[in-house]
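Asks: Just the structure for this:
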Amino acid sequence: MAALGGKLTKKRVENLGPGRHGDGGGLYLVVDPSGARRWIVRVTVKGQKNRKGAPLRTDFGLGGADVVTLNEARERALEYRRMAKSGLNPRYNTRREIPTFEEISRQVHIDRIPTWRSAKHGQIWLNALRNYAFPKIGRMPVNSIGQPEVLMCLSPIWTEKHETARRLAQRIKTVLDVAKSKGFRSGENPVTEIRDAKVLPTVKKRVQHHDAMAWRDVPAFYADMKTRNAMAAKALRFTILTASRTSEVLEMTWPEVDFEARLWTVPAERIKGGKTHRVPLTPEMLAILEPLQAMQSIYVFEGQKRHMPLSNMSMLMLLRRIGIEGVTVHGFRSTFRDWAGEEGVPREVAETALAHRVGSDVERAYARSDLLERRRELMARWCSLVAMINE
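Replies: Next comes the predicted model:
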């Protein structure tokens with residue numbers, strides 16, 4: 001079939017901003033504020049009236065623009081217009097197509113964009129399906145997926161990559177639940193059936209610890225880092241001193257830093273526990289930050305590209321380049337915790353310094369203080385050890 005004409009182009013479909021954009025013939029591209037794009041067609045059914053006695057004009061969804069191309073939308077819109085012109089209401093006379101597993105998955109991802117902790121987190125959610133489910137069941141109609149198809153995705157990685165497989169199972173279950181709620185499936189969710197029947201073997205969860213440097217070795221290592229001018233070395237020093245996570249440091253921006261109050265406030269969306277975390281800044285930490293202001297970058301620790309942060313592998317690669325094996329950047333948090341334990345630091349103070357959740361929900365409801373002043377003293381002691389100075 002020759003391509004139907006209209007006002008829109010493939011490029012415009014991909015780049016148009018929020019709003020309703022007409023292609024002609026009642027076909028519209030609707031772009032939500034979130035960026036989600038979908039097709040609708042408006043038709044007037046010949047000879048039929050609405051409740052007010054006016055001609056029956058109604059809209060029909062044709063699917064998301066990420067899975068329905070411009071030409072496909074035009075063809076479907078033409079089919080709906082022909083039906084309406086002949087007096088048939090498309091709502092009751094079109095053959096309802098069952099979407100594929102991939103189509104539903106991508107729509108679930110789009111619908112949940114506002115709920116993701118970050119764009120990266122949302123992409124990670126989709127990547128697991130893209131890597132392990134789409135190659136095997138992505139093109140299958142969502143109503144044809146049962147236990148055998150789910151097992152095709154889970155079995156190959158169930159023991160070798162158990163945590164990945166467990167999360168994959170949760171995401172497949174979510175997609176199939178959404179499909180059922182939209183009327184495309186019926187019956188029990190096969191992921192639930194597999195779990196309840198214990199079809200897959202029980203895998204004993206292995207606790208994996210990040211390799212850490214002994215705290216007594218940190219001062220000498222830190223002294224070596226101070227001789228290096230690379231941005232990765234500065235970021236690593238700051239990471240060690242603050243006992244922070246890699247992403248928290250690398251995504252740090254200047255508005256988060258209050259030099260007068262000597263505070264770094266990490267917003268909730270960048271904290272694993274989802275709660276704003278205040279980090280007291282010592283003179284040694286400030287000595288790292290203050291010279292970096294001259295770069296006038298969006299990010300405190302700028303990478304090779306202007307106004308972009310360092311790569312999340314930059315600090316680990318620095319460790320490897322200088323011959324430090326068997327140690328990870330995240331492991332320095334364990335180093336800090338080991339030192340705090342040996343120093344007799346109260347558990348709630350040490351855990352709060354690491355932005356960990358402490359106690360039960362009830363305990364946290366009453367213990368609302370973030371122990372800032374006690375942590376300020378703790379971080380001063382830690383910096384004195386690491387940098388071999390007296391603050």
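
Asks: Next up, identify which helix or strand the residue nearest the centre of the chain is on.
Replies: Nearest to the mean C-alpha position of the chain, by Cα atoms, centre = their mean, lies residue 121 at 0.8 Å. Using DSSP states H and E, residue 121 maps to helix 119-132.

Asks: Residue 233 now?
Replies: Counting by DSSP H and E, residue 233 is part of helix 231-242.

Asks: so what's residue 339 scoring on pLDDT?
Replies: pLDDT recorded at residue 339 is 95.

Asks: now the helices: where do they sit in the stretch 151-300 of the chain?
Replies: Per DSSP state H, counting those that start in this stretch, the stretch 151-300 of the chain carries helices over the ranges 162-181, 190-196, 218-225, 231-242, 246-250, 283-289.

Asks: Tell me which of these sits most buried.
Replies: helix 231-242 (a mean of 23; mean count of other Cβ atoms under 10 Å). Using the backbone N, CA and C atoms, a C-beta is placed for each residue, glycine as well.

Asks: what angle sits between that one and helix 218-225?
Replies: Interaxial angle of helix 231-242 relative to helix 218-225 (axes from the mean of the first three to the mean of the last three Cα atoms, to 10 degrees): 150 degrees.

Asks: which helices and strands sit right next to helix 231-242?
Replies: Where contact means 3 or more Cβ pairs under 8 Å, 6 or more residues apart in numbering; DSSP states H and E, helix 231-242 is packed against helix 218-225, helix 246-250, helix 283-289, helix 314-321, helix 331-342, helix 372-387.

Asks: ok, now with 6 Å
Replies: When contacts are defined as 3 or more Cβ pairs under 6 Å, 6 or more residues apart in numbering; DSSP states H and E, helix 231-242 packs onto helix 246-250, helix 283-289, helix 314-321.

Asks: Stretch 30-37: which residues count as buried?
Replies: 30-31, 36-37 (16 or more other Cβ atoms under 10 Å).

Asks: Tell me which of those residues fall in strands.
Replies: In strands, judged by DSSP state E, the following of the buried residues of stretch 30-37 are found: 30-31, 37.

Asks: Let me see the domain layout of the chain.
Replies: Listed by automatic domain parsing, the domain ranges of the chain are 10-93, 101-196, 215-387.

Asks: Quick one: closest of those to residue 202.
Replies: domain 101-196 (10.1 Å; Cβ to Cβ).

Asks: Give me the distance from that closest one to the chain's centre.
Replies: 16 Å (Cα atoms, centre = their mean, to the nearest Å).

Asks: tell me how far the ends of it are from each other?
Replies: 23 Å (Cα to Cα, to the nearest Å).

Asks: hey, which helix or strand in the protein has the poorest pLDDT?
Replies: helix 361-366 (a mean of 48; mean pLDDT, DSSP states H and E).

Asks: Could you report the pLDDT at the residue of the chain most remote from its centre?
Replies: For the chain, the largest distance from the centre (Cα atoms, centre = their mean) belongs to residue 47, which lies 49.8 Å off. With respect to pLDDT, residue 47 scores 80.

Asks: Direction included, what does the one helix or strand it maps to pair up with?
Replies: If you go by DSSP H and E, residue 47 is part of strand 37-49. According to DSSP bridges, strand 37-49 forms sheet pairs with strand 27-31 (antiparallel), strand 55-64 (antiparallel).

Asks: hey, least reliable of the ones you listed by pLDDT?
Replies: strand 55-64 (a mean of 81).

Asks: ok, and for whichever helix or strand comes after it, which residues are buried?
Replies: Next helix or strand after strand 55-64 toward the C-terminus (DSSP H and E): helix 70-85. Neighbour counts using 16+ other Cβ under 10 Å place 70, 73-78, 80-81, 83-84 of helix 70-85 among the buried residues.

Asks: and what of stretch 55-62?
Replies: By 16+ other Cβ under 10 Å, the buried positions in stretch 55-62 come out as 58, 60, 62.

Asks: so how far is that stretch off the chain centroid?
Replies: 36 Å.

Asks: Please work out which residues outside it touch it.
Replies: If you take Cβ atoms under 6 Å, 6 or more residues apart in numbering as the criterion, stretch 55-62 is touched by 39-42, 44-45, 48-50, 68, 73, 76, 80, 90.

Asks: Ok, stretch 270-288 next?
Replies: Contacts for stretch 270-288 (Cβ under 6 Å, 6+ apart): 234, 237-238, 241-242, 248, 251, 262-266, 268, 355, 357, 370, 372, 375-376, 379-380, 383, 387, 391.

Asks: quick one: what helix or strand has the nearest residue to residue 114 once chain neighbours are set aside in it?
Replies: The shortest distance from residue 114 to any non-neighbouring residue, by Cβ to Cβ, 6 or more residues apart in numbering, is to residue 34 (6.0 Å). When elements are assigned from DSSP H and E, residue 34 belongs to no helix and no strand.

Asks: Check the gap between residue 34 and residue 130 for me.
Replies: 20 Å (Cβ to Cβ, to the nearest Å).

Asks: ditto for residue 339
Replies: From residue 339 to residue 130 the distance is 41 Å (Cβ to Cβ).

Asks: Neighbour count for these two, which is higher?
Replies: More crowded of residue 339 and residue 130, by other Cβ atoms under 10 Å: residue 339, with 20 against 15.

Asks: Quick check: that one touching residue 215?
Replies: Yes. Residue 339 lies in contact with residue 215 (Cβ atoms under 6 Å); the separation is 4.0 Å.

Asks: about what we covered before: for the helices of the stretch 151-300 of the chain, which one sits closest to residue 301?
Replies: Of the helices of the stretch 151-300 of the chain, nearest to residue 301 by Cβ to Cβ is helix 231-242, at 4.3 Å.
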